[in-house]
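1. the sequence and its predicted three-dimensional model are supplied below.
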Amino acid sequence: MCSPVSICDDGATYKRQAPTISSDRVCADCSACDTMDHIVATCTIIANTVCSECLVCEAGVAYAKISCATGQPTVCATCTACSHLEYETGPCRPDADRVCAKLTTCHPDEMELDAPTLTSDRTCSALAACSDGEYEVTAPVYLDGGRGSTPRVCKTITTCQLPAQYVAVEATRTTDAVQAGRVSAAGTGCQHGSPLPARQRMRDV
């Protein structure tokens with residue numbers, strides 16, 4: 001008595017053993033590739049799945065632009081390099097590219113508190129203003145490269161010892177008290193003795 005030969009289910013089983021005059025065809029389940037393999041050839045009714053080991057991209061140098069997880073061979077691409085206006089927020093790994101972010105730019109009324117590194121952003125701080133009782137000796141200078149301005153330099157306004165001294169000219173935001181409009185050789189802004197007559201002070205100024 002004869003029986004029909006079994007037919008393998010395409011995509012699910014394949015022919016592991018061909019039929020003979022006295023035996024049926026033997027089908028087996030198609031193999032699934034491992035997570036670290038990719039498919040070279042899919043399973044058919046006459047052949048099992050063919051797998052190949054995935055290529056691993058070199059860490060810090062390249063990353064998988066096309067991953068083995070897609071079932072295709074790995075395609076490596078060179079890691080992105082952050083520019084001088086950026087810093088790294090995520091390292092380049094075999095499965096992911098490097099992530100870069102734009103560096104913070106300090107404004108003219110700010111100074112650079114912490115300089116940026118390859119993996120950290122710049123931090124800025126507001127420029128300090130001269131307090132009451134001080135005057136500005138050196139004004140801030142705005143720097144290029146997003147570094148903000150140089151620090152403001154302040155100095156304490158000269159205080160006269162009354163009644164032996166008096167202020168000939170009051171201090172301003174950027175100048176100390178001065179002696180009759182002229183800075184004394186000793187650098188003090190106070191003058192000993194009595195104030196000059198108003199007409200004499202005007203002529204000296």
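-> Looks like it came in fine.
2. my read: Trp141 touches Gly148, true?
-> For residue 141 the amino acid is Val, not Trp. No - in terms of C-beta atoms under 8 Å, Val141 does not count as a neighbour of Gly148; the distance is 10.1 Å. In this view, the C-beta of every residue, glycine as well, is placed from N, C-alpha and C.
3. compare the two (neighbour count), which wins?
-> The neighbour comparison of Val141 against Gly148 (other C-beta atoms under 10 Å) goes to Gly148, with 24 against 10.
4. with adjacent residues omitted, what lies nearest to the more buried one?
-> What sits nearest to Gly148 in space, not counting adjacent residues and going by C-beta to C-beta, 6 or more residues apart in numbering, is Cys106, at 2.9 Å.
5. okay, now that neighbour: neighbour count?
-> Cys106 has 23 neighbours, counted by other C-beta under 10 Å.
6. check contacts around it.
-> Glu112, Arg122, Cys124, Gly146, Arg147, Gly148, Ser149 (C-beta atoms under 8 Å, 6 or more residues apart in numbering).
7. next one: Leu55
-> Cys68, Pro73, Thr74, Cys76.
8. can you lay out those residues as TSV showing pLDDT?
-> Below are the contacts of Leu55 laid out as TSV (pLDDT from 0 to 100):
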residue	pLDDT
Cys68	80
Pro73	83
Thr74	87
Cys76	94
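9. can I get the buried part of the residues you listed as one PyMOL selection?
-> This is the PyMOL syntax for the buried subset of the contacts of Leu55, where burial follows 16 or more other C-beta atoms under 10 Å:
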select buried, resi 68+74+76
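10. the spatially most central residue of the chain: which element?
-> Nearest residue to the geometric centre of the chain (C-alpha atoms, centre = their mean): Tyr87, 2.9 Å. Using DSSP states H and E, Tyr87 falls within strand 86-90.
11. much appreciated, bye for now.
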